[in-house]
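Undergrad: Provide a 3D model corresponding to the input given below.
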Amino acid sequence: MKAAIIQQYGTADQLEVVANIPTPTIQADEVLVENYAISINPIDYKARQGLMQHLFKWQFPVILGWDLAGKVVAIGSAVTNFKVGDAVFARPDIDPRGKNGSYAEYTAVKADKLALKPQNISYAAASAVPLAGQTALQMLRKLEIKSGQKVLIQAGAGGVGMYAIQLAKQAGAHVVTTASQANHDFVISLGADQVIDYHKNNIQDVLTDFDAVLDTVGDVAGGISILKKGGRFLTIAASLSKEQQHSPGKVVMSGWVAPNSQDLTTLANYIANRKIKIVLDSTFPFTTAGMRAAHIRSETHHARGKIVVQIKN
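TA: All right, here's what the predicted structure looks like:
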């Protein structure tokens, strides 16, 4: 099969699409998905740079990628809730060997990580949901968002921020986000009640007395400082010091997505009922040049919505 691989850690130039990679074999609890589209996440280029070596000892060549949408072409003997031909999307488990990423024509996926693709969206749009959407859903759950609360979501134009704004509004929160001036109208269209231009203002200079902060940019000190007593802070972008974790009168946490069928199905239902919209920043072809360009676009931190690679039309 074709796959985008890296032979060593480094820049986007390490990515290369080759055609001689073995198709994955599936276990009893897995299905084989023929990928129609995949999406790019910040974790992808960080992994490519070697920043996940402390977590995984991958064996080169490595296939990156953790978002996909496609069709089931084979099912394991223990799988009963999917069938060949089903249109699905998923954030697969991270393969500890580095051989089963989504940057490929086929990926083996645990059945408990899959959900049926909403019929009212394309494969490209579906591929843009699993990692970022589940991250937003689960982190807001940890923040215990309630109706009427004041919530700050950092970087509202990014993948996680885009979904978090919409989900927090579904919960009835008053949502403030940060974005460049060029993205103000965009995040307001997602439901943000107030937008802070991070080029002009530090959040601690203009915000106070917040119930919750979802940090996706690493501004831990600023986020903690605007919380009210009893407020909750969660970061997916930074390591917390012991002092920060024990901020008096405040709950300070870090978070990591735990993909599962139930949460992905929840998102699918929101999408099917048009309560969440998906915004694609750009779409690239499944070629060496396309994969490199997609990573470079992600590294600019200026994507408005999600970056997608189309594997099969």
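Undergrad: What is the burial count for Lys169?
TA: Residues contacting Lys169 under the criterion other C-beta atoms under 10 Å number 18. For every residue, glycine as well, the C-beta is placed using N, CA and C.
Undergrad: what sits against it?
TA: Lys169 sits next to Val175, Leu190, Gly191 when contact means C-beta atoms under 8 Å, 6 or more residues apart in numbering.
Undergrad: try 7 Å
TA: Val175, Gly191 (C-beta atoms under 7 Å, 6 or more residues apart in numbering).
Undergrad: Could you confirm it falls within a helix?
TA: Yes - assessed by DSSP: H, G, I helix; E, B strand; the rest coil, Lys169 belongs to a helix.
Undergrad: Show me the shaky parts of the stretch 101-250 of the chain.
TA: Applying pLDDT under 70 to the predicted model, the stretch 101-250 of the chain contains no residue that meets it.
Undergrad: Just the helices from it, written as ranges.
TA: For the stretch 101-250 of the chain, applying DSSP state H, counting those that start in this stretch gives helices covering 123-127, 130-142, 159-170, 184-190, 203-206, 220-225, 242-245.
Undergrad: Turn those helices into a markdown table, columns for distance to Val31.
TA: Below are those laid out as a markdown table (distance: least, C-beta to C-beta, whole Å):
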| stretch | distance to Val31 |
| --- | --- |
| helix 123-127 | 16 |
| helix 130-142 | 15 |
| helix 159-170 | 25 |
| helix 184-190 | 33 |
| helix 203-206 | 43 |
| helix 220-225 | 39 |
| helix 242-245 | 39 |
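Undergrad: So which of these is nearest Asp95?
TA: helix 130-142 (14.9 Å; C-beta to C-beta).
Undergrad: Could you pull out the buried residues of the closest one?
TA: Neighbour counts using 16 or more other C-beta atoms under 10 Å place Pro130, Leu131, Ala132, Gly133, Gln134, Thr135, Ala136, Leu137, Gln138, Met139, Leu140 of helix 130-142 among the buried residues.
Undergrad: Quickly list the domain ranges of the chain.
TA: 3-129+278-310, 132-254 (automatic domain parsing).
Undergrad: end to end, how far does the first one reach?
TA: Just to be clear, that refers to domain 3-129+278-310. This stretch, domain 3-129+278-310, spans 13 Å end to end (C-alpha to C-alpha, to the nearest Å).
Undergrad: repeat for the last one
TA: Across its full length, domain 132-254 reaches 16 Å end to end, with C-alpha to C-alpha as the criterion.
Undergrad: Distance from that domain to the middle of the chain?
TA: Remark: domain 132-254 is offset 16 Å from the chain centroid, using C-alpha atoms, centre = their mean, to the nearest Å.
Undergrad: What of stretch 7-27?
TA: Here the centre of stretch 7-27 is set off from its chain's centre by 21 Å, with C-alpha atoms, centre = their mean.
Undergrad: got it, and stretch 280-298?
TA: Worked out by C-alpha atoms, centre = their mean, stretch 280-298 lies 16 Å from the chain centre.
Undergrad: Likewise for stretch 274-283?
TA: 13 Å.
Undergrad: hey, C-alpha coordinates of it in CSV?
TA: Only the C-alpha atoms of stretch 274-283 are listed here, as CSV (Å, rounded to 0.1, in the frame of the first residue of the first chain):
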residue,chain,number,x,y,z
ARG,A,274,-26.3,20.3,12.6
LYS,A,275,-25.4,21.5,16.1
ILE,A,276,-21.7,21.4,15.3
LYS,A,277,-20.1,22.6,12.1
ILE,A,278,-16.7,21.5,10.7
VAL,A,279,-14.4,24.0,9.1
LEU,A,280,-11.6,23.0,6.9
ASP,A,281,-8.6,25.3,6.5
SER,A,282,-7.1,23.5,3.5
THR,A,283,-6.9,20.2,1.6
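Undergrad: Which strand runs longest in this structure?
TA: strand 30-40 (DSSP state E).
Undergrad: quick one: that strand to helix 159-170, angle?
TA: 100 degrees (axes from the mean of the first three to the mean of the last three C-alpha atoms, to 10 degrees).
Undergrad: Packing partners of strand 30-40?
TA: Packing partners of strand 30-40 (3 or more C-beta pairs under 7 Å, 6 or more residues apart in numbering; DSSP states H and E): strand 68-75, strand 106-110, helix 123-127, helix 288-299, strand 306-310.
Undergrad: quick one: the last one to helix 159-170, angle?
TA: The one in question is strand 306-310. Using the same axes, to 10 degrees: strand 306-310 against helix 159-170 is 120 degrees.
Undergrad: Return the set of buried residues in strand 306-310.
TA: Lys306, Ile307, Val308, Val309, Gln310.
Undergrad: picking that back up, quick one: which of the helices of the stretch 101-250 of the chain is nearest Asn35?
TA: Closest among these, once you apply C-beta to C-beta, is helix 123-127, at 8.1 Å.
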